[in-house]
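In: sequence first, predicted coordinates after that:
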Amino acid sequence: MKGASEVGGGARSRSGLASSGPWWALIAAFPFVAALTTVVLVCAVVTDRLPEPLATHFTTGGRADGYGTAQDFLTVVLGLLLVSGAVFGALLQVRAFRPATPWLIAGGYATAAGVGYPGCLTLLLNEGAADASAVRLPLWHLPAMLAVALAAGVLGRLLAGAPPRLPHPESGGAPRLDLPAGTAAGWSRTISSPLMAVLGGVLFCAGLVLGVLVDWPASLSLILAAALVLPFASVRVTVDRRGLTVAPTLLPSRLRIRRVPLDRITEATGRPIAALREYGGWGYRIRPGGSGLILRSGDGIVVTLTGGRTFAVTVDDAATAAALLNTYADRARSQKGG
């Protein structure tokens with residue numbers, strides 16, 4: 001559609017990471033330093049009572065099936081903590097990831113706990129054992145480890161605080177479609193994400209392989225993850241007299257990802273959307289002040305809701321969809337007012 005409003009970039013925000021950067025760096029580094037220190041201290045305390053070699057790997061039934069020296073084990077654990085800490089630290093320096101900084105910090109806390117917990121646990125299980133083959137891993141530690149990692153992630157998210165505010169591009173006005181009174185029109189487009197399709201397929205296949213080679217309970221998490229990812233691999237975006245509808249094309253049409261009725265729409269615009277800079281990634285994203293289904297960077301519809309929040313979806317020909325949506329929203333308001 002011609003005449004759609006152009007969107008400028010605006011000035012870059014000088015708040016957020018610029019002022020909170022040093023604190024965020026310390027907060028982000030803390031879990032890795034704490035986990036590394038804890039593992040070293042536990043090793044120093046129990047080192048005289050460890051078997052040689054010690055049990056370092058366990059089957060799903062809890063029996064030891066891998067062995068190594070205490071020094072090699074400590075090197076592996078500390079290496080994992082250092083490398084993962086360096087990766088998260090590097091991601092925090094990437095400008096495109098700044099809207100997702102609090103979640104990166106939360107992921108760092110969960111990762112540090114997920115490495116540190118089994119590191120300390122392995123040393124403590126081996127303490128005092130005369131023969132490493134007799135060491136057993138109580139299975140209740142598996143959900144406990146997950147719970148600790150999740151709790152650490154929540155703590156990291158709370159400590160990180162709010163993400164930096166990004167400037168909202170200014171619009172030159174919301175477009176309207178010249179639709180004669182009494183007539184109706186519809187607009188629909190399908191958008192697909194090869195990334196989501198590949199990720200969902202890999203997760204599903206990995207779950208099947210794990211189920212065949214190991215056991216099915218262990219594969220359920222991968223299959224569930226695939227079931228959550230694949231519906232977002234292809235979606236249909238529709239604008240009609242009922243409002244804006246986003247539904248997965250791989251599922252029955254009555255199942256929807258999001259429907260925004262006309263009475264909740266204040267304004268709709270079509271503009272370029274930067275997936276990483278504005279939403280911190282791809283998929284169904286939630287950020288302060290709004291949410292969106294972001295399958296790529298590029299053209300998208302941004303709807304301002306009556307409560308002030310926004311909802312965005314990336315799709316081609318977004319300007320036409322936004323103009324039609326504004327026309328229908330105007331009609332709904334005029335009918336309600338009349």
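Out: Okay, I see it.
In: so which helix or strand of this structure has the lowest pLDDT on average?
Out: None of the helices or strands of the chain scores lower by mean pLDDT, DSSP states H and E than helix 194-213, at a mean of 73.
In: which strands and helices sit next to the helix or strand that that one is followed by?
Out: Downstream of helix 194-213, the next assigned helix or strand under DSSP states H and E is helix 216-229. Counting contacts by 3 or more C-beta pairs under 8 Å, 6 or more residues apart in numbering; DSSP states H and E, helix 216-229 is packed against helix 194-213. Yep, even glycine has a C-beta here, placed from its N, CA and C like the rest.
In: next, the angle helix 216-229 makes with the helix it packs on.
Out: 170 degrees (axes from the mean of the first three to the mean of the last three C-alpha atoms, to 10 degrees).
In: tell me how far V76 lies from L82.
Out: 11 Å (C-beta to C-beta, to the nearest Å).
In: meant to ask about I265
Out: With distances taken as C-beta to C-beta, I265 is found 50 Å from L82.
In: so which residues of this structure form helices?
Out: 17-46, 70-92, 101-126, 141-160, 194-213, 216-229, 275-279, 318-337 (DSSP state H).
In: reformat those as CSV; add distance to T269.
Out: Below are those laid out as CSV (distance: least, C-beta to C-beta, whole Å):
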stretch, distance to T269
helix 17-46, 27
helix 70-92, 31
helix 101-126, 27
helix 141-160, 31
helix 194-213, 25
helix 216-229, 29
helix 275-279, 14
helix 318-337, 5
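In: out of the ones you listed, which is closest to P53?
Out: Ranking those by their distance to P53 (criterion: C-beta to C-beta) puts helix 70-92 first, at 8.1 Å.
In: pLDDT averaged over the closest one - what is it?
Out: The predicted model gives helix 70-92 an average pLDDT of 83.
In: one more: stretch 114-121?
Out: pLDDT averaged over stretch 114-121 gives 87.
In: can you check stretch 255-266 too?
Out: 89.
In: for that stretch, buried residues please.
Out: Within stretch 255-266, the residues that qualify as buried are 257-258, 260, 262, 264-265, counting by 16 or more other C-beta atoms under 10 Å.
In: what's the most distant pair in the residues you listed?
Out: I257 and L262 (18.2 Å).
In: L222 versus L150, what's the distance?
Out: Applying C-beta to C-beta, the value for L150 to L222 is 18 Å.
In: okay, these two: which has more neighbours?
Out: L222 (19 against 15; other C-beta atoms under 10 Å).
In: the more buried one touches G201, doesn't it?
Out: No: in this structure, L222 is not within contact of G201 by C-beta atoms under 8 Å, at 11.5 Å.
In: common neighbours of these two, please.
Out: Residues touching both L222 and G201 (C-beta atoms under 8 Å, 6 or more residues apart in numbering): there are none.
In: so where is the stretch 101-250 of the chain shaky, pLDDT-wise?
Out: For the stretch 101-250 of the chain, the stretches with pLDDT under 70 are 163-174, 209-216, 218.
In: try 80 this time
Out: For the stretch 101-250 of the chain, the stretches with pLDDT under 80 are 101, 103-104, 132, 161-183, 193-203, 205-219, 250.
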